[in-house]
Each structure stands twice: as structure tokens, then as C-alpha cells.
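Undergrad: A structural model of the following input is requested.
(one chain, ligands or ions: 1)
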Amino acid sequence: MLQWVLDALVPIHCVGCGCYNSWLCPDCLAAQWHPGCAHLPADIAPTIGQLLFLGEYHAPLLQRAITTMKYQSISQLATIFGLALRRWFDLESYDYIVPVPLHRRRLRERGFNQSAVMAAACNRPIIPALQRTYYTKPQASLRRHERLTNVQTAFTQTLTMSRSLAGATILLVDDVCTTGSTLQQCAAVLQNNQPKRIDAAVIAIDLLQPNNYRIE
Ligand SMILES: [Zn+2]
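TA: Numbering: from 1, shown residues only. All right, here's what the predicted structure looks like:
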């Protein structure tokens, strides 16, 4: 019912060209994707292997789509991004997907966790192994050194955590990666379970911070 009211108030339209019926139409999608694989520097993210990404954070349309998803609470965009991850990358090799959690206060504000919705579209088993125990300021509003400290100790393992993560290949899913500190904080917690490998997948990485990435 609520979704019906929202659809009536804000008709589904492409954030790129404005055409109706999709939040991101196939033509605009095709123009935005530059999928690839990067590595974060070992001093920032020592426990993360590959970083899969769909595009560049400063690409105007991609940024608008991400902003619309998060701040206008359009969960369908998260599904579109999750399906794109599934289309571009071989996710079959991952035993589990772990979405980066939101703090419950942020979850209440937004109504959904975009990383969890993306993960659900990836068609792999999901383990909500992490919880965010501190309410952190939105990363986008902070400077780089503030971002690095903003998420420190923000994550802990959930009680439902399964022992099956031992020896497993894990894909962490988040919306964007700027410094890599959020992903690393999550990976550091998961590492306690001695998984075989931890990779990460995001919609967009910030290529204006070239020191942060090594692109394959
Ligand atoms: Zn379009």
C-alpha cells in the first residue's frame, strides 16, 4: 500500500533521461557502466583481495542514481545495481555474501539497507554477519582523515554469525568505496573467522583518489 502511494506521488522515471517505467533505463545503464577490478593498498585494506566495481563515483549519472537511492529511499535502484553485479562478475565462486550493515537508526531513516538489497539481487547465500554498533556521520560529509577515523570500531560480529565462514570465500557488498576504510573495518571483523578469502563489490569507486587503488 505504502509503495503504491509512493509510486503515485513519484512516478518511476529514469534518473538519467527521465523516461518512465525504470529508475535507470537500459540505455542510461549502458552508458554508465565501466566495470572493473581494483586492489586497495595493503596499508589501508590488508585483508581485502579484489575490489569489484561497476563504475566511477564521479560519473554524474551514477552519482545521481546513488544519491537518489540513498536519500530519496528508492530501493529499486539497489536491486538494479545488485543485478548488474551479478551480470558483470562471476559471483558463483563466492560461498557467502555479507552486506555492509547500516546502524539501526539509519535503517529507520532510510527504510532499507541498500547493501542488503543489492546482496539479495546477487543470487548467492547471504549471511548478515555484521552489525554497526555506532551511529557514524555520513561518509560523504567528511574529509579523508575524518572518514578513516569515523568508522573505526563501528562494526562488530552478530550473534547469529555462522561458523560456516571458516574456510569460505566471502564477498562484502557496499554501495560506494572512497578510502576503503569501511570495507576494511568489516573485513577485519570477518577475518576472525578465518575465511579463505574476502573480496568486496561496490557500485562505484572514487578514482579521484588514485593513490587508493591499483586497477587491474
Ligand atoms: Zn534513461
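Undergrad: Checking my notes, Ala38 in a helix, right?
TA: No - assessed with DSSP: H, G, I helix; E, B strand; the rest coil, Ala38 is strand; it does not lie in a helix.
Undergrad: My guess is Gly82 contacts Ala120. True?
TA: Yes - between Gly82 and Ala120 there is a contact under Cβ atoms under 8 Å: 6.6 Å. No exception for glycine: its C-beta is placed from N, CA and C like everyone else's.
Undergrad: So for the two, which residue has more residues nearby?
TA: Gly82 (26 against 18; other Cβ atoms under 10 Å).
Undergrad: give the contact list for the residue nearest to that one when sequence neighbours are not counted.
TA: Distance criterion Cβ to Cβ, 6 or more residues apart in numbering; nearest residue to Gly82, sequence neighbours excluded, is Ala121 at 2.8 Å. Contacts for Ala121 (Cβ atoms under 8 Å, 6 or more residues apart in numbering) come out as 78-79, 81-83, 85-86.
Undergrad: Closest one of those residues to the ion?
TA: Using Cβ to the ion, Phe81 is the member of those that lies nearest the ion, at 14.9 Å.
Undergrad: okay, now that closest one: neighbour count?
TA: Phe81: 30 surrounding residues under other Cβ under 10 Å.
Undergrad: For the helix or strand harbouring it, give me every contacting residue.
TA: Element membership for Phe81, per DSSP states H and E: helix 75-88. When contacts are defined by Cβ under 8 Å, 6+ apart, helix 75-88 is touched by residues 12, 15, 22-24, 29, 33, 35, 52, 54, 65-66, 68-69, 91, 111-112, 114-115, 117-123, 173, 175, 201, 203.
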